[in-house]
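> how would this look folded up:
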Amino acid sequence: MARLAGLLLACAALTTTAQDRPPGFRAGFAETDITPPLGTPRQGWNSRMVGESVLDPLYARAAAFEIGGERVALVVLDTALISAEDTAVLREKVRADHGLPPSRLMVAATHNHSGPAMIHEGLPRDEAYIRTMLGRAADAVGRAIASLEDAELGVGSAFEWAVAYNRRVVMRDGTVTTHGSFKDPKALAFEGPIDPEVGVLAARRRDGTLLGALVNFACHPGHHGGDPLFSAGYPGVVARVLKARGVPVTLFLQGAAGNIATSDPRGLVRHSMTEMGTLLATAAAKALDEARWTRPSRLAARATTLELPFRAVTEEDLRGTRPGTQRLGEKGYYERKIPELLEDMKRRKTASAEVQVFRLDDVALAAQPSESFVEHGLRIKQRTWPVRTFVVAYANGMVGYLPTEEAFERGGYECTFGPPSCLAPDAGRRLADAAIKLLLN
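Numbering: from 1, shown residues only. I've put the predicted structure just below:
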């Protein structure tokens, strides 16, 4: 009898322990090919261009995380951007097919400049291809959810200084030249910083085998932007190199890269797409080797939508004569697109911008639907510390370039009125503030 009583007490203790144990962390990853057919319109160069060949495949890559009853997912496309409208379509398909609420899905783009047209930039986008691509992306999310399994979460970072540069050069007259050169006798200084952090968030099984990873870095992928081909750019190289090193699926999360590019204004030799991707993958592998691994107990998702005002447009803006104006792209691009933009601004009155955050214990993802300047991304990271925040730009929509308010005083391409840049000067600060508030409150 005493032995039976002891066994009953032991069973009760085990039951209590299981009930008190925090819910387990689970993770899943998946990827699918979204390479466009040849002849599909291209995007990323403010010009009429189609893809005539494929240098390397494009992918949609997805990750899902779950703790107890909370589940979130991300999907990242090898495209220049994702519109709010296409985000809504993708979210609704994932909800219908896989049961994930729209508020629990983050949709981002790598800002690839050698991918399919997602908007009517130079040529109208291929609607049939977009429908197929969004369907494949939704399927990748579903497969990531279906593959959820017990996991540990690793977070780390390394630094890479030799591949990304602030592309805005302050001139002696006080204006800025985007993609400026210090060989120009009128050049004076870099306008701002870069963000050299290569952030990594990864999941592994208890036996140490990796399930997948998120890699966060801020820099325009523009190596083949002017070539009539399809390529995933250096983010695709990062994923391929890490796969060869044992990471089955890598989602590249583009940071606040609005003023960051691969060309060095000092005139030093530019790393090729393959060289850059390999250097970043090596930094990510170092971060993985030094990562802190835990089983997180908290998962949360929050979002808010801002209505951002458009800027006041002057005759100088319309004529392109404001000091510091810099129009990039094929001849006639601005003259062709500005009337369309003015009609859109008149119709919409404001630009809707969703700010979304995911948080796993003390690490977070902060989505910005914009080409935010690196200063905004750095500010989010600083203000939300000790939470380790990865800034995910080009996510859940696109409202265009968001320079700092000081940058507007100097001009440059990113501040020049046109389709890529039409919001009020404080829009970037307001979006960053919204992310900070969501994470701190």
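> so what pLDDT did the residue positioned nearest the centre of the chain get?
The centre of the chain sits closest to residue 254, judged by CA atoms, centre = their mean, with a distance of 3.4 Å. Per-residue confidence (pLDDT) for residue 254: 98.
> tell me if I'm right that it and residue 214 touch.
No: under the criterion of CB atoms under 8 Å, residue 254 makes no contact with residue 214, lying 11.3 Å away. Backbone N, C-alpha and C define where each C-beta goes, glycine included.
> beta partners of the residue nearest to the centre of the chain?
residue 217 (DSSP bridges).
> show the contacting residues for it.
Neighbour list for residue 254: 108-111, 217-218, 221, 235, 392-394 [criterion: CB atoms under 8 Å, 6 or more residues apart in numbering].
> swap in residue 72?
64-66, 104-106, 299, 301, 358.
> between the residues you listed, which sits nearest residue 48?
Closest to residue 48 out of those is residue 106 (31.8 Å), distances taken as CB to CB.
> separation between the closest one and residue 356?
6 Å (CB to CB, to the nearest Å).
> which residues are common contacts for those two?
Common neighbours of residue 106 and residue 356 (CB under 8 Å, 6+ apart) are 367, 395-396.
> can you say which of these are buried?
Listed as buried from those are 367, 395-396; burial here means 16 or more other CB atoms under 10 Å.
> inside helices: which ones of the residues you listed?
Among those, no member is found in helices (DSSP state H).
> give me the residue ranges of the protein where confidence is low.
Low-confidence segments of the chain (pLDDT under 70): 1-22.
> the helices in the stretch 201-350 of the chain, which residues?
Under the criterion DSSP state H, counting those that start in this stretch, the stretch 201-350 of the chain contains helices at 233-244, 273-289, 315-319, 333-348.
> just name the most buried of those helices.
Of all these, helix 233-244 carries the top mean neighbour count, a mean of 24, counting by mean count of other CB atoms under 10 Å.
> of all the helices of the stretch 201-350 of the chain, which one comes closest to residue 95?
From these, taking CB to CB, the stretch that ends up closest is helix 333-348, at 25.8 Å.
> quick one: contacts of the closest one?
Taking CB under 8 Å, 6+ apart as the rule, helix 333-348 contacts 46-47, 122, 310, 313, 318, 320, 327, 417-419, 422.
> following it in sequence, what is the next regular element?
Per DSSP states H and E, helix 333-348 leads on to strand 350-360 as the next helix or strand towards the C-terminus.
> only alpha carbons, please: show that next one as CSV.
The C-alpha coordinates for strand 350-360 follow below in CSV (Å, rounded to 0.1, in the frame of the first residue of the first chain):
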residue,chain,number,x,y,z
THR,A,350,-3.2,60.4,-47.2
ALA,A,351,-1.1,57.3,-47.4
SER,A,352,-2.0,54.4,-45.2
ALA,A,353,1.0,52.7,-43.6
GLU,A,354,0.9,49.6,-41.4
VAL,A,355,3.5,49.2,-38.7
GLN,A,356,3.7,45.6,-37.4
VAL,A,357,5.9,44.0,-34.7
PHE,A,358,6.6,40.4,-33.6
ARG,A,359,8.3,39.7,-30.3
LEU,A,360,9.8,36.5,-29.0
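> before we move on, the earlier item: from the contacts of helix 333-348, pick the one nearest residue 188.
residue 327 (22.1 Å).
> re earlier: would you turn the contacts of residue 254 into TSV with distance to residue 80?
Listed next are the contacts of residue 254 as TSV, based on distance: CB to CB, whole Å:
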residue	distance to residue 80
108	12
109	6
110	8
111	6
217	17
218	15
221	9
235	12
392	15
393	12
394	8
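> ok, of those, which one's closest to residue 429?
Checking the contacts of residue 254 one by one against residue 429 (CB to CB), the nearest turns out to be residue 393, at 14.7 Å.
> who's in contact with residue 84?
Applying CB under 8 Å, 6+ apart, the residues contacting residue 84 are 352, 354, 369, 396-398.
> the stretch 1-150 of the chain: helices as residue ranges?
Under DSSP H, counting those that start in this stretch, the stretch 1-150 of the chain gives helices at 2-20, 84-98, 127-146.
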